[in-house]
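Q: Got a predicted model here, sequence first, then my questions.
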Amino acid sequence: MGMDKNKKEELLLHSFDAELSTEEKAFLEKELAADWKLKQAQQAIVKIREVLAAHQPESFGAFFAERVANRIRSFHQNVEYQLFAFFKRYQGVAIGLVIALLVINVVFADSFSLQSILGLENETINDLVQLDLYNGLIK
Amino acid sequence: MAQETDDQLIDQTIGGDLNAFKLLVQRHESKVAGVVKSMVGATEEAADIGQEVFIRFYQSLSKFRGEASVGTYLIRIAINLSLNELKNRKQRNLFFTSAEEGGHVAASENRQDLKEMITIEFDKLDPEFKSVATLRLVEGYSTEETAQLLNIPLGTVLSRLARAQKKLRIGLDKHLKF
């Protein structure tokens, strides 16, 4: 049989988690009966697997769920979170308003410009001089 | 009274009932703790990672629509955060790690019991082997489930398992020959 030591061990290791073919199974059984080192390796792996599988139920300590809940509560109280939540809630409305403004401007001012969207007319310097902005009066 | 399902508890949590979320945490704490502690050890960081797992789950509740079970989803987060922690630890504490390895040798001199020796060798596994070994050998997931949880091919799971077991066996041999 031309299989070297590493390949025998490889086969042994795979036998725990993968389905071996009939020939592989027969070969491994024969080798296990003849090679005491391989048999020892098999016993060691069985023991390792037993020990690892026999762990106690784990926990993160007392009141873990309460500690998580407290973190969530403080997260909600965080101003940043509240601002984020506020904007997130009204983002649809804001987008709708911008679109509405855009449509109104296109329909009534026939313009896509930023100034018209913001309600700013294209005034000349002379026009501005004519305006008494402080008193809201036209000279 | 019939126990509420995870989906019902999620709906209640989304509706603002934090007690429902606490029930979810209690229900899944043990599995998450098993995975995290197996990956990073029973350290202080383990509980922090545990909290982070559930906080991230809470933050993504509205997106969670049952493609995977809650348990599977949490285990994925737990594995990812544990891998991050192992990576950070490696970068952070090169000196500390070598001191720790010295501690392992000293521990073997004291002829600890088999369980401790295996735990020491398990801790030395590389993260990619440790995650596979944790899910399959510690938590008892099937090889197929392990592949799904880690999003890697089944063949990779099998070869990593074989290599992890070989490393554990060789490590254990060294302890026993001491």
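A: Yep, that arrived.

Q: Run through the residues that contact the residue nearest to the spatial centre of chain B.
A: Geometric centre of chain B, nearest residue: B:Val35, 2.5 Å, by CA atoms, centre = their mean. Neighbouring residues of B:Val35 by CB atoms under 8 Å, 6 or more residues apart in numbering or on different chains: B:Ile75, B:Ala78, B:Ile79, B:Ser82, B:Thr134, B:Leu135, B:Val138, B:Glu139. Where you see a C-beta, it was placed from the backbone N, CA and C, and this is true even at glycine.

Q: ok but the fifth one is inside a helix, no?
A: Yes - secondary structure assignment places B:Thr134 in a helix (DSSP: H, G, I helix; E, B strand; the rest coil).

Q: Contact partners for it?
A: Here B:Thr134 is in contact with B:Val35, B:Ser38, B:Met39, B:Ile79 (criterion: CB under 8 Å, 6+ apart).

Q: Next, format those residues as CSV and append secondary structure, pLDDT and distance to A:Ile104.
A: What follows is the contacts of B:Thr134, written out as CSV (DSSP: H, G, I helix; E, B strand; the rest coil; pLDDT from 0 to 100; distance: CB to CB, whole Å):
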residue, secondary structure, pLDDT, distance to A:Ile104
B:Val35, helix, 94, 57
B:Ser38, helix, 92, 62
B:Met39, helix, 93, 58
B:Ile79, helix, 95, 53
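
Q: Kindly export stretch B:20-30 (C-alpha atoms) in CSV.
A: What follows is stretch B:20-30, C-alpha atoms only, in CSV (Å, rounded to 0.1, in the frame of the first residue of the first chain):
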residue,chain,number,x,y,z
ALA,B,20,-39.7,41.8,24.4
PHE,B,21,-36.1,42.4,23.3
LYS,B,22,-34.9,41.4,26.8
LEU,B,23,-36.6,38.1,26.3
LEU,B,24,-34.8,37.6,23.0
VAL,B,25,-31.5,38.4,24.6
GLN,B,26,-32.2,35.9,27.4
ARG,B,27,-33.3,33.3,24.9
HIS,B,28,-30.1,33.5,22.8
GLU,B,29,-27.5,34.6,25.3
SER,B,30,-26.2,31.1,26.0
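
Q: Quick check: buried residues in it?
A: B:Ala20, B:Phe21, B:Lys22, B:Leu23, B:Leu24, B:Val25, B:Arg27, B:His28, B:Glu29 (16 or more other CB atoms under 10 Å in any protein chain shown).

Q: again, but for stretch A:83-97
A: For stretch A:83-97, the neighbour count (16+ other CB under 10 Å) marks no residue as buried.

Q: How is residue 61 assigned, secondary-structure-wise?
A: In the absence of a named chain, this looks at chain A. coil.

Q: That was the other one, I meant chain B.
A: coil.

Q: Verify the contact between it and B:Ile10 for me.
A: Yes - here B:Leu61 reaches B:Ile10: they are 5.9 Å apart, a contact under CB atoms under 8 Å.

Q: who has more neighbours, those two?
A: Set B:Leu61 next to B:Ile10 and count neighbours by other CB atoms under 10 Å in any protein chain shown: B:Ile10 wins out with 22 against 14.

Q: Pull stretch A:19-37 out as CSV, backbone CA atoms only.
A: Written as CSV, here are the backbone C-alpha positions of stretch A:19-37 (Å, rounded to 0.1, in the frame of the first residue of the first chain):
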residue,chain,number,x,y,z
GLU,A,19,-18.3,10.6,4.6
LEU,A,20,-15.5,8.2,3.5
SER,A,21,-15.9,5.9,0.5
THR,A,22,-16.2,2.1,1.2
GLU,A,23,-12.6,1.6,0.1
GLU,A,24,-11.3,4.4,2.2
LYS,A,25,-13.2,3.1,5.3
ALA,A,26,-11.8,-0.4,4.8
PHE,A,27,-8.3,0.9,4.3
LEU,A,28,-8.5,3.1,7.4
GLU,A,29,-9.8,0.2,9.5
LYS,A,30,-6.9,-2.0,8.3
GLU,A,31,-4.4,0.7,9.0
LEU,A,32,-5.8,1.4,12.5
ALA,A,33,-5.5,-2.2,13.4
ALA,A,34,-1.9,-2.4,12.1
ASP,A,35,-0.5,1.1,13.2
TRP,A,36,-0.6,1.8,16.9
LYS,A,37,0.5,5.4,16.4
